[in-house]
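K.L.:
got a predicted structure here, sequence first:
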Amino acid sequence: MAHWTKFEKDTERETKTLVRWASGIEDENDQNFQLALKFAWSNFKFHNYLDVDSHKVTRSINGIYEKLMIHSDVTKAESWARLTDEFLNSPLMNVDGTKTDAHYSILSMMLLLAGPPTNTEYVERPRLKEAEVKDTFDWAKYLMEDEDLECGPYPDTPEWSEEESDEEDPQQPISREDSGIQVDRTPQEDQDNTNQALALTWTVGEPDARAWLEHHVVTPYWVTHASRFPHSLHLHSNLLNVWDQYLYNTDPLYLPEDKAFVTETQVIRETLWLLSGVKKLFIFQFHEGKVSVRNDVVVTHLTSSCLRSVLDDIAVYGQAVFRLQRFIDEVTGHSSEPGPPPPSSSSGSHCSSSSHSSCREPPFRTYQAFVWALYKYFSSFREELTTIEKQLIGKDETVTLSAVLVRLRPHLAQIRVLHKVFCTGVAEVPVDTTNVVRASHLLNTLYKAIIEYDSVGEASEHTVALLFSLWTETVRPYLEIVDEWIVHGQLFDPAREFIIQRNKDVPVNHRDFWYATYTLYSISEPVEGEDRMNDAGSGSSAGEQTSGAGGRQPTMVSFLKPVLKQIIMAGKSMQLLKNLDCKESVPADSASRDAERKSLYTLFLESVQSRLRRRDDSPLDAVTEQQATKRSLIKMQSIVVQHLQIDDIHDPLLAINFARLYLEQSDFHERFSGGEFIVDRSSQSVTCQSFELTLRSCLYPHIQRRYIQCCGNLMTTLKKDYKLLEYLQAMRNYFLLEAGDTMYDFYTAIFERVLEKESWQQLSFLNAQLQEAVGQRHPEDSSRLSIFLDTSEPARKKQPVHNLDVLTLSYKVPWPVDIVISSECQRIYNQVFLLLLQIKWAKYCLDTVRFSDLTSATQKAEGGVAGEGASAKEGINQQIHRMCLLRVKLMHFVNSLHNYIVTRILHSTGLEFQHQVQEAKDLDQLIKIHYRYLSTIHDRCLLREKVSFVKEAIMKVLNLVLIFSDRWQAGFGAWKIESIDKMESDFKNCHMFLVTILNKAVCRGSFPHLESLALSLMAGFEQC
């Protein structure tokens, strides 16, 4: 084994130790020990494992860095990136080079063994580099031993150096801290002295290194009685002295004041520092939140008033920057640097009694997203300021204050817009305002600002781009809340900043879930020329947060108005679906699909990028496309001018804007191809702006598709798995008597007992008859149907027809079908059911009377009056004839009413209802269709309170039928001729009243469905 290397020997020793530990065999000569040793060696030498993938490890490192940045662990993220980079670029023992497989193997093993980086607290420990050991051995003495050297008469004199160092003028020490330290040079009369380089040396890390650098480089212009710098004596460079001399000569009371002279370079640098957010400055002073300019600061080539006017304008922008920066610091006070808002978690609730800085809980996510957008803008703005400062230091070209302000003019305009949005959307909101009002108001402010600047046209393209980027970042939490709700059925909003709030007191499996689960909040804002939102989302209660001021109306987040109902329907449908035992749901498939799914916010950004990219598909033909667009714009402008002249409007600017608006639509050539086109002033294509078009094409379609998918799945599940259509059919079968044979057996048993004068108001008898009738043909519904007796009002009405009002039919509807068939719906079903029973009772009574009963009674009467002569017999026959005629009239009335309700109302309306149910897109629409169906049959059956007088007339006729049936069955001797006269008179009066009322209603056209009943009753009406 002499030829083995040290590494192989160490490997052999460690392998034997491994075998002993794993197998427990101590004897190395054992056969099993040797077999295990050979197996381990073969795996070590000839392993078939894949080498580490450096690209995969790099992606993991970058992913951890992005995750830490997303969670606002900026310090941890920077340490992670720096340490991993240092490790990859550091050599290893026995390994040559950097970023080798050994490096990536070690990192891969560490990543596999490591836990979640966001769940650990990490503070980087300072790592002191080992100082290199200096070689103190005197090699020169050792090598030059025994050598004779002539050192001259003065051996201690050092060798002559050709480099000459100029003595440095002592400078006064710096008394303030600076963010940047650069060399300030002023023009000198002797240029030769300035071109000489300083041969000075200093070492980084020494205690006085910074003080030395500041002492030798920065001119302390901020100290009291600072020495004036030399400058040119040209007239243009001494305008201040000329002006002061003029004032001194013309004004005898003019008294020169002490002034602090600065150079224009120093003014520019302090301007840049002010806009960067530095507060400790000399020229600009920050006091109690306001930025002011020193009165004694002057430059030699400008008058003090001119300089003051320029610096005052700069101070306004500086104060705006400070105010925005303070807001950023307040919101991001929980981390050293701001990071993007968390994608799936929310910050705590808002502290209503104090400011952000005094709240223990961080601000809600909408403010965090808004601050993140502001932070990104100011980062790019500071990069621009740094670039200007580097150019100023380099002195490669002349940099003046005027040129700097011209260069910063677009940025300053954007800062003014941002400050205006901040003041309106954040600063002006009262402190005790709820989070939902704050978030809604901020989003509305950004939305209205985009619309306002977008209407200007090309003059504000950069401002619109800035506001749109700010809005897309700020709206991210809202879209993530919507996405979580319509995809997973969870309205995750701990900070309560979303306009829709979950009522946790109502569980999902409650029958009132669809109506009382969510609350839609609205805020009160001054709205001019904007319609109120009529339908805020069916099935949700609206809790309005209003201020009570006159001329204000409740509104909500403007950009969600067109799809708010779809969002509510999709969210509630998905939450209901998640709690249903769907037979076709596969958790594994849904999890894999969710992993591949893109969020709503991502889809929105991709659609916006695609829309913008579509405009720039051919960069090579940009000039040609611009020319074609210009020609189209001119042509469109002429067309719009012609249409505006129709209304005597001569406004070329309005024509240009309308032309630009129509050019954004793909079908504008078709719209204007004919010469007879008339502008529809109510069309949204005329009044909407390009931002609203972007929302309609990039955001709303994704929400609409998700709404169709969620609601379609819920409707399919309810119809297929929970037999919704079967339950609706069962309600019509039993309550509306569509199952005629089944319900006939039930109510005829009651009517027979009534005719036989037996007691029928017994709960056991009624339920036994109902179960017997239903169990024969529909056994699956026998356990759900039951009937109750309502004896709470014993003295209802004296008419016999109202004896059936004590019946209440009940059908047990399981969840979630009871969301559609609610208790209120069953109450309406019962009212129609009782009306049908009363009509069936009257019809049954008339159908069961027999002429034979009256004939036998008549023969007995004739035998009793045989001695009275022919006149008495003739009177009896006349009464019998009148009874028969009255029976026919009553049967015609009852049959006409019965046919009208059963065929014209229940059957035809039921067919329309079935067709509408099949076309219903969501559960809310189905609930409305069902309730509209019940309301229709309730009104058409004359059960509405407004037409109660018509129902009372019908009830009088039905009661008259019951009285007539009793007297018919009692026989001829049980009634008198006066009773016949009264029945005929009552029937005639009611009949005439109903015919008159119905004919008037039909003539007015208000109740077209009553036409068939009016004609039928008119045919049987007897003219008097």
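P.N.:
Perfect, I can see it now.

K.L.:
past the lowest-mean-pLDDT helix or strand in the chain, which element shows up next along the chain?
P.N.:
In the chain, the helix or strand scored least confidently by mean pLDDT, DSSP states H and E is helix 684-687, which has a mean of 30. Remark: after helix 684-687, the chain's next helix or strand is helix 690-698, criterion DSSP states H and E.

K.L.:
show me what that following helix is packed against.
P.N.:
Where contact means 3 or more C-beta pairs under 8 Å, 6 or more residues apart in numbering; DSSP states H and E, helix 690-698 is packed against helix 435-454, helix 600-615. C-betas here are computed from N, CA, C, even on glycine.

K.L.:
buried ones in the longest one, by neighbour count?
P.N.:
For helix 435-454, burial by neighbour count (16 or more other C-beta atoms under 10 Å) applies to 435-451, 453-454.

K.L.:
with the shortest one instead?
P.N.:
Taking 16+ other C-beta under 10 Å as the basis for neighbour counts, the residues of helix 600-615 that come out buried are 600, 601, 603, 604, 605, 607, 608.

K.L.:
so who does the first one touch?
P.N.:
Residues in contact with residue 600, defined by C-beta atoms under 8 Å, 6 or more residues apart in numbering, are 479, 480, 482, 483, 486, 487, 702, 703, 706.

K.L.:
quick check: the third one touching residue 568?
P.N.:
No: using C-beta atoms under 8 Å, residue 482 is not in contact with residue 568, being 10.2 Å away.

K.L.:
CSV for the helices and strands packed on helix 690-698, including distance to residue 59 and mean pLDDT?
P.N.:
Conversion of the helices and strands packed on helix 690-698 to CSV gives the following (distance: least, C-beta to C-beta, whole Å; pLDDT from 0 to 100):
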stretch, distance to residue 59, mean pLDDT
helix 435-454, 35, 88
helix 600-615, 19, 81
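
K.L.:
could the ones you listed be laid out in TSV, adding distance to residue 979?
P.N.:
Compiled in TSV, the helices and strands packed on helix 690-698 are given as follows (distance: least, C-beta to C-beta, whole Å):
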stretch	distance to residue 979
helix 435-454	72
helix 600-615	78
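
K.L.:
residue ranges of the strands in this structure, please?
P.N.:
Chain-ordered strands for the chain, with DSSP state E as the definition, fall at 260-261, 284-287, 290-293, 297-298, 500-502, 518-525, 541-545, 553-555, 785-789, 807-811.

K.L.:
pairing partners for the fifth one, with directions?
P.N.:
In the sheet containing strand 500-502, the strands it pairs with under DSSP bridges are strand 518-525 (antiparallel).

K.L.:
can you check the third one too?
P.N.:
Using DSSP bridges, the neighbouring strands of strand 290-293 in the sheet come out as strand 284-287 (antiparallel).

K.L.:
and residue 486, how far is that from residue 578?
P.N.:
As defined by C-beta to C-beta, to the nearest Å, residue 486 lies at a distance of 12 Å from residue 578.

K.L.:
repeat that for residue 696.
P.N.:
30 Å.

K.L.:
so which bits of stretch 417-431 are buried?
P.N.:
Within stretch 417-431, the residues that qualify as buried are 417, 418, 419, 421, 422, 424, 425, 426, counting by 16+ other C-beta under 10 Å.

K.L.:
looking at those residues, which is nearest residue 802?
P.N.:
When the buried residues of stretch 417-431 are compared for distance to residue 802 (C-beta to C-beta), residue 425 comes out closest, at 64.2 Å.

K.L.:
which residues touch that closest one?
P.N.:
The contact partners of residue 425, by C-beta under 8 Å, 6+ apart, come to 441, 442, 444, 445, 446.

K.L.:
how does it look with 7 Å?
P.N.:
Contact partners of residue 425, counting by C-beta atoms under 7 Å, 6 or more residues apart in numbering, are 441, 442, 445, 446.

K.L.:
tally of neighbours for the residue lying closest to residue 1016 once chain neighbours are set aside?
P.N.:
On the basis of C-beta to C-beta, 6 or more residues apart in numbering, the spatially nearest residue to residue 1016 that is not a chain neighbour turns out to be residue 896, at 3.9 Å. The tally of other residues near residue 896 (other C-beta atoms under 10 Å) stands at 19.

K.L.:
how about residue 877?
P.N.:
Here the count is done by other C-beta under 10 Å, and residue 877 has 12 residues near it.

K.L.:
how much space between it and residue 982?
P.N.:
Going from residue 877 to residue 982 by C-beta to C-beta gives 20 Å.

K.L.:
residue 954 now?
P.N.:
With distances defined as C-beta to C-beta, the gap from residue 954 to residue 982 amounts to 19 Å.

K.L.:
tell me which of these two has more neighbours.
P.N.:
Shown here are residue 954 and residue 982; by other C-beta under 10 Å, residue 954 has more neighbours (20 against 13).

K.L.:
quick one: low-confidence ranges for the stretch 51-200 of the chain?
P.N.:
128-135, 142, 144-200 (pLDDT under 70).

K.L.:
cool, thanks, signing off.
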